[in-house]
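>>> Here's my sequence, what's the structure:
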Amino acid sequence: MGAKLPDVGRRTTTLLFIVGIVIAWYVYVPVPNDFEEPWKLRLVETTGRTIRHLAVLGEALGLGDSVKIARKLFDIVQQNFLPFGANITMNDTTIDGVTVRIYRPITMETDQLPAIVFLHGGGWTIGGVRMHHDITKTLSSRLGAVVISVDYRLAPENIFPAAVDDCLAVTKWVLRHGLQLKINTQRVAIMGDSAGGNMAAAISQILTEEKFSPPLKFQVLVYPSLQAIDLRLPSYQLDVAAMPAGRTVMALFTSFYIKGYMDENFMEEMENGSLVPHDDETAIYFSYVDPASLPQEFLPVDFKRHQPTDVNLTEWNSVKHILLNNKFSPLLKHDLRGLPPAYIVTVKFDVLTDEAILYSQRLHKADVPAILKYYRHGFHGCFNLHEIPGFRVSREIMEDFLLYAAEHL
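Just a heads-up that it's a prediction; the model follows:
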């Protein structure tokens, strides 16, 4: 028996070595050389990828829909990392039939608190108030403001415009009836990241169109999705493996949001640029997403604009009323005059970078005050990671915005 122990030890060592190689292979993803804190990003990406794999496996095993499983797994992860601010209260309730979470500073006795309506990201499909708790509690605590975090209806169960309608209803209620929450309705801003930034921009436009009073104080768009007619912009070419949201993911979320299911043909047409025709009807819209308008540093020397050759007009005619609608694609709105001031955050490692830059340019041309903050070490989703795991760029984005909000809210 004793003579066999060395063999057992060797087998154990070999097994552990193989397991280590497999783990390293799974965790390691290529990261650009100029990216800060690459291993933190790899851990974040691995967590997300593991959740996606488990969700697909769960559906294959008959445990439920993969999207719902992914939501539950993300929720479990977030529940274990929810530090709570000592100087704020948190209340889950409803506003105009929509679930919200309201954060309020304990130490503020005045009835005239400013407020931020916060719209979370997640491709209109995943996420919720818990996933963005680190952001919303920090905003309330550091700014001495009421934060209304909106838990809007998600796709694919609820397709466009369910999510934006929920967020619009809450925003209007806060502006009209904010005094019930001890809010100064003259000091209300709207803020969102990714899909939430998409809806924050759309709602700012809708309220301006309606001449809604009181108006929003300002809008904050953090790496927002602003259009879906051209997924071949230069920033979409930077489809880095470690980036949480690439071209395929954006096509998938769009399919969920406007169709209610994963339409692989639709997604392929979005990705390869054969969904939208370049014709007289769309010419004005494509002018709003013209890469030639980008600053030179964002336009690769060898970049050539994609020209579709085989457009599925049947598919296009079935979705164009949504894709050209500014309620879905704020960048494509013709008249941007009169909008509230905008604070726009964009990052280098993100397929959505170009549309944020193009939108800020169009706002300037429309005489709308707009600040564009570009973070060379940032990536899509990093704003939500300023505490755990605590990326330096995430903290920088938060601190810069807090300075802006302290002065303008």
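
>>> Confirm that residue 348 lies within a helix, as I assumed.
No. Under DSSP: H, G, I helix; E, B strand; the rest coil, residue 348 sits outside any helix and is assigned strand.

>>> In contact with it, which residues?
Residue 348 is in contact with 374, 375, 376, 377, 378, 379, counting by C-beta atoms under 8 Å, 6 or more residues apart in numbering. For every residue, glycine as well, the C-beta is placed using N, CA and C.

>>> In space, not sequence, find me the middle residue of the chain.
residue 194 (1.8 Å; C-alpha atoms, centre = their mean).

>>> Distance check, that residue against residue 342.
16 Å (C-beta to C-beta, to the nearest Å).

>>> again, but for residue 271
29 Å.

>>> Then residue 369?
7 Å.

>>> So for those two, which residue has more residues nearby?
Shown here are residue 369 and residue 342; by other C-beta atoms under 10 Å, residue 342 has more neighbours (23 against 13).

>>> pLDDT wise, what is residue 139 at?
Looking at residue 139, its pLDDT is 96.

>>> Quick one: residues contacting it.
Residue 139 neighbours (C-beta under 8 Å, 6+ apart): 103, 116, 118, 145, 147, 191, 402, 405.

>>> Tell me who's in contact with residue 166.
98, 150, 152, 153.

>>> swap in residue 285?
229, 324, 332.

>>> export those to JSON lines and tack on secondary structure, pLDDT and distance to residue 266?
Shown next, in JSON lines, are those (DSSP: H, G, I helix; E, B strand; the rest coil; pLDDT from 0 to 100; distance: C-beta to C-beta, whole Å):
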{"residue": "229", "secondary structure": "coil", "pLDDT": "96", "distance to residue 266": "13"}
{"residue": "324", "secondary structure": "coil", "pLDDT": "98", "distance to residue 266": "16"}
{"residue": "332", "secondary structure": "helix", "pLDDT": "98", "distance to residue 266": "19"}
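
>>> Out of those, who's the most crowded?
residue 332 (23 neighbours).

>>> Find the nearest non-adjacent residue to that residue, please.
residue 285 (5.0 Å; C-beta to C-beta, 6 or more residues apart in numbering).

>>> Tell me how far the one you found lies from residue 333.
With C-beta to C-beta as the criterion, residue 285 and residue 333 are 10 Å apart.

>>> Inside strands: which ones of the contacts of residue 166?
98, 150 (DSSP state E).

>>> Using neighbour counts, trim the contacts of residue 166 to the buried set.
Among the contacts of residue 166, those buried by neighbour count (16 or more other C-beta atoms under 10 Å) are 98, 150, 152.

>>> who touches residue 344 in this structure?
Taking C-beta under 8 Å, 6+ apart as the definition, contacts of residue 344 comprise 220, 221, 222, 224, 356, 359, 360, 370, 371, 372, 373.

>>> Would you confirm that it belongs to a strand?
Yes. Assigned with three-state DSSP, residue 344 falls within a strand.

>>> what ranges do the strands span in the protein?
Under DSSP E, the chain gives strands at 88-95, 98-105, 113-119, 146-150, 183-193, 219-222, 342-349, 370-379.

>>> Hmm, residue 217 and residue 175 touching each other?
No. Here residue 175 lies out of contact with residue 217, judged by C-beta atoms under 8 Å, at a distance of 10.2 Å.

>>> so what's in contact with the two at the same time?
residue 188.

>>> Mean pLDDT added to the strands of the chain, as a markdown table?
Converted to a markdown table, the strands of the chain look like this (pLDDT from 0 to 100):
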| stretch | mean pLDDT |
| --- | --- |
| strand 88-95 | 94 |
| strand 98-105 | 96 |
| strand 113-119 | 97 |
| strand 146-150 | 97 |
| strand 183-193 | 97 |
| strand 219-222 | 98 |
| strand 342-349 | 95 |
| strand 370-379 | 94 |
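
>>> Rebuild the ones you listed as TSV, extending it with distance to residue 281.
Putting the strands of the chain into TSV (distance: least, C-beta to C-beta, whole Å) gives the following:
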stretch	distance to residue 281
strand 88-95	39
strand 98-105	35
strand 113-119	31
strand 146-150	34
strand 183-193	30
strand 219-222	27
strand 342-349	28
strand 370-379	28
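
>>> how does this protein divide into domains?
When the chain is parsed with automatic domain parsing, its domains come out as 2-25+38-76, 87-409.

>>> Out of those, indicate the one that is most buried.
Across the domains of the chain, the average number of neighbours (mean count of other C-beta atoms under 10 Å) peaks for domain 87-409, which reaches a mean of 19.

>>> Any idea how far apart the tips of it sit?
20 Å (C-alpha to C-alpha, to the nearest Å).

>>> rank the domains of the chain by pLDDT, which is bottom?
domain 2-25+38-76 - the lowest mean pLDDT of the domains of the chain, at a mean of 65.
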